[in-house]
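>>> Turn this into a structure:
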Amino acid sequence: MSNSRHQPTAPTAIRELAAAAGVTAHWHDEHQIVYASRGVVAVHTETSRWIAPAHRALWIPAGTVHAHRAYGVTRLHFLGLTQNPLKLHEPTALTVSPLLRELLIAYTSLNDRETPAGKRMRSVLLDQLTTASEQPVRVPAASDPRLAAVCALLETDPSDSRGLEALGREAGASGRTLTRLFREDLGMSFPQWRTQLRLYHALRLLAEGRPVTTVAQQCGFATASAFIDVFRRSLGHTPGSYL
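Numbers count the residues shown, from 1 in each chain. Got it, this is the predicted structure:
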């Protein structure tokens with residue numbers, strides 16, 4: 001993302017994106033919340049990718065180079081913040097409660113946010129943000145070339161069910177070495193990373209209107225019920241709620 005743009009102010013605004021449209025890499029001097037009330041938004045940084053459906057918002061700290069990509073027709077709500085009420089210094093996905101969702105939609109829709117009513121709404125909105133739990137779908141990027149080769153194989157085909165020994169033969173590394181690299185380079189185990197990758201792709205496909213059974217198969221889950229179970233435990237909702 002070396003060609004990123006510098007936009008000093010993080011805007012508070014609404015933006016409509018067509019399916020597969022995006023916002024090129026840029027960074028702000030201010031913090032920002034990004035929320036999709038419709039569709040699914042993915043945020044790419046130099047080290048990771050996050051994806052956020054309607055039950056998640058993304059916190060992007062000041063100075064973070066990032067790009068957006070929409071899956072399905074997407075309505076984005078941006079909230080710029082000069083302060084850091086969340087005390088978070090890395091991009092993070094946050095749970096969006098029904099109340100927080102309505103506050104994000106209403107506040108970003110205001111024509112004048114400096115009225116007494118607008119200031120009160122902002123205060124309640126910030127209170128809700130500070131109590132939101134962290135529940136990411138995050139796919140960190142590998143820096144080690146052997147690990148990056150294995151990750152690329154699974155990116156191409158998330159349904160690939162081979163273990164690390166088999167994948168490592170194509171990348172020139174043993175299963176033991178790759179197990180260590182997943183922990184050291186990505187901060188998670190191989191099964192955890194693969195689950196995050198599969199959920200990332202599943203959310204993209206669901207946003208495109210693919211049936212749950214098709215998504216489960218294309219993302220490597222043994223059965224549709226296994227997919228629904230992992231999805232619910234990870235995101236708190238069933239895949240059908242995203243269709």
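>>> for this structure, what spans make up the strands?
5-6, 13-17, 22-27, 31-44, 48-52, 56-60, 66-81, 92-95, 138-140 (DSSP state E).
>>> Break this protein into its domains for me.
What automatic domain parsing lists as the domains of the chain is 5-130, 141-242.
>>> Quick one: those domains as JSON lines, columns for mean pLDDT too.
Listed next are the domains of the chain as JSON lines, based on pLDDT from 0 to 100:
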{"stretch": "domain 5-130", "mean pLDDT": "94"}
{"stretch": "domain 141-242", "mean pLDDT": "94"}
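>>> Dump those into TSV; add mean neighbour count as well.
Where you see a C-beta, it was placed from the backbone N, CA and C, and this is true even at glycine. Below are the domains of the chain laid out as TSV (neighbours: other CB atoms under 10 Å):
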stretch	mean neighbour count
domain 5-130	17
domain 141-242	17
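>>> so how far is R15 from the closest residue to V212 other than its chain neighbours?
Setting aside the residues directly before and after it, V212 is nearest to P239 in space (CB to CB, 6 or more residues apart in numbering), at 4.8 Å. Relative to R15, P239 is positioned 26 Å away (CB to CB, to the nearest Å).
>>> same thing with S143?
Per CB to CB, S143 is found 32 Å from R15.
>>> and if you look at H31?
Applying CB to CB to H31 and R15 gives a distance of 18 Å.
>>> okay, the angle between the top helix by length along the chain and strand 56-60?
Longest helix in the chain, counting residues (DSSP state H): helix 190-207. Counting by axes from the mean of the first three to the mean of the last three CA atoms, to 10 degrees, helix 190-207 points 110 degrees away from the direction of strand 56-60.
>>> So which residue of the protein lies furthest out from the middle?
Distance from the centre of the chain peaks at P116, with 33.6 Å (CA atoms, centre = their mean).
>>> about what we covered before: so who does the residue nearest to V212 touch?
Contact analysis of P239 by CB atoms under 8 Å, 6 or more residues apart in numbering lists A202, L206, V212, V215, F227, I228, F231.
>>> now swap in Q196 and tell me
Residues near Q196 by CB under 8 Å, 6+ apart: V137, R138, V139, M188.
>>> Next: R233.
Residues near R233 by CB under 8 Å, 6+ apart: none.
>>> how much space between it and A173?
31 Å.
>>> same thing with E114?
According to CB to CB, E114 stands 57 Å off from A173.
>>> same deal with C151?
Computed as CB to CB, the C151 to A173 distance reads 12 Å.
>>> so T108 sits right up against Q32, yeah?
No: the pair T108 / Q32 is not scored as a contact, 11.6 Å apart, by CB atoms under 8 Å.
>>> what touches both of those two?
Common contacts of T108 and Q32, defined by CB under 8 Å, 6+ apart, comprise F78, L79.
>>> Contact partners for the closest residue to L205 other than its chain neighbours?
Nearest non-adjacent residue to L205, counting by CB to CB, 6+ apart: V215, 4.6 Å away. With contact set as CB under 8 Å, 6+ apart, V215 has these partners: A202, L205, L206, F227, P239.
>>> what's the distance between the residue nearest to V212 and L205?
Per CB to CB, P239 is found 10 Å from L205.
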